[in-house]
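Visitor: Sequence plus predicted model, see below.
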Amino acid sequence: MAARAIHREARIAVRKAQVIASLIRGRTLPDAYAVLAQTPRRASKMFSLLLRSAQHNAEQDDPAADAERMVVLRVVADKGPHRGFKARRRRHRRQNSPIPTRTSHLKVELAMLPEEEGG
């Protein structure tokens, strides 16, 4: 069963979040944490918190869930709404243009790898 975590309206541009999303897609959970720890981007901390939330959601659903066997099934960074035009850019003849603050919807989905049958 897959466990999900969603961060809506994260205050980061989609293009910046998609770079980090492509780094952790398809990796095991410990490997994804290691990659995010070594990545000096603001989105890496957001995805690290999302992975931790999805891991806790999986452990809530199934107490026997093992973090070593979890794999990042889906990572999506979608465009969110423009929020708060707080900053302004000066234009000609004392006019101003709003600078849109871009947001993203970040989604992470984890799945359990099947148990290995050893003999």
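Guide: It's in.
Visitor: Can you name the residues that contact residue 103?
Guide: By C-beta atoms under 8 Å, 6 or more residues apart in numbering, the residues touching residue 103 are 9-12, 80-83. To be clear about C-beta, it is placed using only N, CA and C from the backbone, and glycine gets the same treatment.
Visitor: The same query, at a cut-off of 10 Å, please.
Guide: Residue 103 makes contact with 8-14, 17, 78-84, according to C-beta atoms under 10 Å, 6 or more residues apart in numbering.
Visitor: distance of it from residue 21?
Guide: Using C-beta to C-beta, to the nearest Å, residue 103 is found at 15 Å from residue 21.
Visitor: returning to what we had before: among the contacts of residue 103, which one has the most neighbours?
Guide: Greatest neighbour count in the contacts of residue 103, by other C-beta atoms under 10 Å, goes to residue 17: 28 neighbours.
Visitor: and that one, backbone torsions?
Guide: When read as degrees, to the nearest 10, the backbone of residue 17 gives phi -70, psi -30.
Visitor: for residue 64, same thing?
Guide: According to degrees, to the nearest 10, residue 64 has phi -90, psi 10.
Visitor: Check the one 4 residues further on too.
Guide: In this entry, residue 68 is assigned phi and psi values of phi -70, psi -30 (degrees, to the nearest 10).
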